[in-house]
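Trainee: my questions concern the predicted model and sequence given below.
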Amino acid sequence: MATTTKKNNATKKSSKRSSWVRRAVVIICALIAGVLVFIAYRVFGPNTKAFGDKKYFYIRTGSTYADVLDGLEEQNIVSSRNSFDFTARRLGYPTRVKAGRYQIKWGMSNFEIVKLLRSGKQAPVQLVITKLRTKNDFVRKISANLEADSTALRILMQDDIYLRQFGLDTNTVMCAIVPNTYEYYWNTSAEAAFEKLEKEREHFWNTERRTKAKQLGLSINQVTVLASIVEEETNKNDEKPLISSVYLNRYRKGMRLQADPTVKFALQDFGLKRIREAHTLFDSPYNTYQYPGLPPGPICTPSVKTLDAVLNTPDTDYMYFCARSDFSGYHAFAATYKEHLANAHKYQAALNQAGY
């Protein structure tokens, strides 16, 4: 009897011990599962701050991993720096930092962000270039949208030796820019940014356009310079060829072009509404009231439509034009000075009546 009781007590103790072990195993497994869930959430759970549908994260050339961590905070990308760091280190990102502009979408996980940054797959910049007037306008446009160093770009545009390989100089350098939409990677250098534009220019000036320029007796740079004047004279595409014909006729006769937009450019005063005699006396090679022929460089970057308008200049006997007195934006053309004076008097009278 005593032996049986001892056996029963031993069985109960063994059962309790087994039950405790099972509970301990369950608790440990639960803890491990909790830790795994926590780690998984840190890696695969969302870790972006609240922003719109997408945001761009910029990593400058030469940045270290520490710079990236600081940037993620400063640019308000991630909610938790520590969780990102935890994931990044386990995926080997600290030694694979790549400069660029990366599109971060709201709700992305640390894993997704690290994978994107490590891949170097940038979101390209769509750079829209329309009318620019000066080199500084161009430098500001590039430096506002790309990492390219503004100082390096200015130096490049003042380097005749560098520009010579493209058939350009410091006066004609803006001829390299054909207004269009260009796709760049954000971390493009100043030199690469300029050379991409030059390649697009070479593509634009195909055999057909070069032939038309030759038939006009102009180089492609001279076409661009003439087109820049036409661009500033009117926004009416249908009369651009006629305005081009006036200036081309004057140019061929050796007359001074006397183009008002060149005076504005020479003065660097693009807000002038009315060119007066005092303005035309300003001494500058860009002032076509003072110097014969075309200016040494373009006074803006003419549109493709304007370039093609010049290339398709019709044969006319027009030597003069002035704005119409109806303020329609169109111009009255004349073959003789007498006819031009009559048109000009009408316009001057309209200006005076309007109080300009």
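Mentor: Good, I have the coordinates. Since this is a predicted model, take the numbers as computed values, not measurements. Numbers count the residues shown, from 1 in each chain.

Trainee: low-scoring stretches of this structure, by residue?
Mentor: 1-46, 50 (pLDDT under 70).

Trainee: strands of the stretch 1-150 of the chain, start to end?
Mentor: For the stretch 1-150 of the chain, the strands defined by DSSP state E, counting those that start in this stretch cover 54-59, 100-105, 125-129.

Trainee: highest mean neighbour count out of those strands?
Mentor: When the strands of the stretch 1-150 of the chain are scored by mean count of other CB atoms under 10 Å, the highest mean neighbour count falls to strand 100-105 (a mean of 19). Heads up, the C-betas are built off the backbone N, CA and C, glycines and all.

Trainee: how about CSV for the strands of the stretch 1-150 of the chain, with distance to E232 added?
Mentor: CSV is the format used below for the strands of the stretch 1-150 of the chain (distance: least, CB to CB, whole Å):
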stretch, distance to E232
strand 54-59, 35
strand 100-105, 34
strand 125-129, 17
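
Trainee: of all the ones you listed, which one is nearest C300?
Mentor: Between C300 and these, the tightest spacing by CB to CB is seen for strand 125-129, at 11.6 Å.

Trainee: partners of that closest one in the sheet?
Mentor: Using DSSP bridges, the strands paired with strand 125-129 are strand 180-184 (antiparallel).

Trainee: what inclination does the partner strand have with respect to strand 100-105?
Mentor: 90 degrees (axes from the mean of the first three to the mean of the last three CA atoms, to 10 degrees).

Trainee: can you pull the buried residues of strand 180-184?
Mentor: Y182, Y184 (16 or more other CB atoms under 10 Å).

Trainee: and what of stretch 311-318?
Mentor: Within stretch 311-318, judged by 16+ other CB under 10 Å, the buried ones are L311, T313, Y318.

Trainee: where along the stretch 101-250 of the chain do the helices fall?
Mentor: Using DSSP state H, counting those that start in this stretch, the helices of the stretch 101-250 of the chain run over 110-119, 135-145, 150-157, 160-164, 190-204, 207-216, 220-233, 240-253.

Trainee: state the next helix or strand along the chain beyond the last one.
Mentor: Which is helix 240-253. Next in sequence after helix 240-253, counting helices and strands by DSSP states H and E, comes helix 260-267.

Trainee: mind giving me the packing neighbours of the helix or strand following that following helix?
Mentor: Sequence order places helix 277-280 as the next helix or strand after helix 260-267, per DSSP H and E. Packing contacts for helix 277-280, counted by 3 or more CB pairs under 8 Å, 6 or more residues apart in numbering; DSSP states H and E, involve helix 260-267.
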